[in-house]
Every structure is written in C-alpha cells, then in structure tokens.
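Undergrad: give me the fold of what follows.
(one chain, ligands or ions: 1)
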Amino acid sequence: MILVGFIDWLLGREDETPNQRQRSEHPVQKIEKEVLETIIESAKAAHPNEFAGALRAEGDTITAVLLVPGTVQGARHAVIRMNRLPVDRSVVGVVHSHPSKSARPSKEDLQLFGKHGHTHIIIHHPYTETTWRTWNHRGEPVHLDVV
Ligand code: ZN
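TA: Numbers count the residues shown, from 1 in each chain. Modelled structure (predicted):
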C-alpha cells in the first residue's frame with residue numbers, strides 16, 4: 001500500500017507530543033455508522049483494487065472519510081495524490097482496503113502509520129461490518145465504537 005504525496009499533506013498537522021503518545025487513552029474512540037458504510041461501499045466498488053482515503057474526526061469521533069480526487073487504483077496499490085487536497089488539521093489518519101483476507105498492516109503501511117496520524121483503518125475482503133480493524137501509529141490495535 002503506497003500513498004504517494006500523502007506525506008506533505010498530512011505534515012500540515014502538528015506532531016503529537018511525547019506526552020500524548022504515552023497517553024493510555026486513544027484520542028479517537030468512535031466512528032459514525034454512516035462513515036463505516038461509506039468505507040464499506042467504497043471498498044466494494046474498488047475491488048479487486050484497493051481504495052484509500054483520509055479520516056476526519058471531530059472530537060473523539062470519526063465523522064467523515066475524504067475520498068481523494070485523482071486517486072489512481074492499480075492492481076495492488078491505491079495511489080493517492082494527496083497534494084490535491086488542502087492541509088486539513090481535522091484529519092487523524094488514513095483508511096484503505098485490502099483485497100486479501102487480512103486487515104493487518106503491511107510493512108509499508110506501518111511506515112506510513114508511524115509518520116502520519118494516529119488512527120488508521122484497514123478493511124479487508126469481503127468488506128463487511130466485521131472485516132475492518134483500526135490501528136494506532138505504532139500498528140497496535142485500537143477499538144472504535146460504531147455510533
Ligand atoms: Zn495496506
């Protein structure tokens with residue numbers, strides 16, 4: 001999974017301080033049901049390719065997925081041209097799909113997670129309400145309530 005150009009865009013965010021990193025409570029706790037449904041539909045539409053987008057949160061809740069214009073979907077990797085979007089400080093991480101049966105982050109995913117945002121969703125085939133997982137910036141599982 002490669003997100004080209006994502007980096008500069010997300011770098012508009014302030015880095016977390018060490019204190020925030022050590023906090024036991026994850027800053028994002030919930031995701032709106034409509035957002036999850038959008039992710040499911042987008043993943044299904046892109047299959048067998050990957051889809052990718054950015055996650056926007058208000059407070060502790062993910063309230064939107066930003067589907068990036070100009071996203072190129074290849075056989076294995078969704079390539080995002082994030083430089084087409086303005087810097088958005090409400091973005092907390094990325095979402096992408098795995099056409100495989102695993103929602104575990106790849107080595108490349110982990111590198112991206114570590115640099116950009118703190119809340120990352122991966123949904124895997126067959127893209128249902130039970131085939132998605134959330135990961136923090138270290139690739140550790142995070143639980144989100146669907147609200
Ligand atoms: Zn991936």
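Undergrad: what's opposite the closest residue to Val142 other than its chain neighbours in the beta bridge?
TA: If the residues on either side of it in the chain are set aside, Val142 comes closest to Thr134, at 4.3 Å by C-beta to C-beta, 6 or more residues apart in numbering. For the C-beta atoms, the positions are set from N, CA and C on the backbone; glycine is no exception. Beta-bridge partners of Thr134, counted by DSSP bridges, are Ile121, Val142.
Undergrad: could you give the number of residues near Thr134?
TA: Neighbour count for Thr134, taken as other C-beta atoms under 10 Å: 21.
Undergrad: how about Val91: what's its closest non-neighbour residue?
TA: The spatially closest residue to Val91, leaving aside those adjacent along the chain, is Ala54, at 4.9 Å (C-beta to C-beta, 6+ apart).
Undergrad: I'd say that neighbour and Leu66 touch.
TA: Yes: here Ala54 lies in contact with Leu66, judged by C-beta atoms under 8 Å, at a distance of 4.3 Å.
Undergrad: confidence score at the residue nearest to Val142?
TA: For Thr134, the pLDDT comes out at 98.
Undergrad: try Arg84
TA: The pLDDT attached to Arg84 in the predicted structure is 52.
Undergrad: for Asp145, give me phi and psi.
TA: Comment: the main-chain dihedrals of Asp145 come out as phi -80, psi 140, following degrees, to the nearest 10.
Undergrad: one step back: what element comes up after the strand or helix carrying the residue nearest to Val91 heading to the C-terminus?
TA: Take DSSP states H and E as the rule and Ala54 turns out to sit in strand 52-58. If you walk from strand 52-58 toward the C-terminus, the next helix or strand you reach (DSSP H and E) is strand 61-67.
Undergrad: what residue ranges in the chain score low on pLDDT?
TA: Confidence mapping of the chain against pLDDT under 70 gives the ranges 1-24, 68-88.
Undergrad: which stretches of it form strands?
TA: Ranges of strands within the chain are 30-31, 52-58, 61-67, 72-73, 78-79, 91-98, 120-124, 132-135, 141-142, 145-146, based on DSSP state E.
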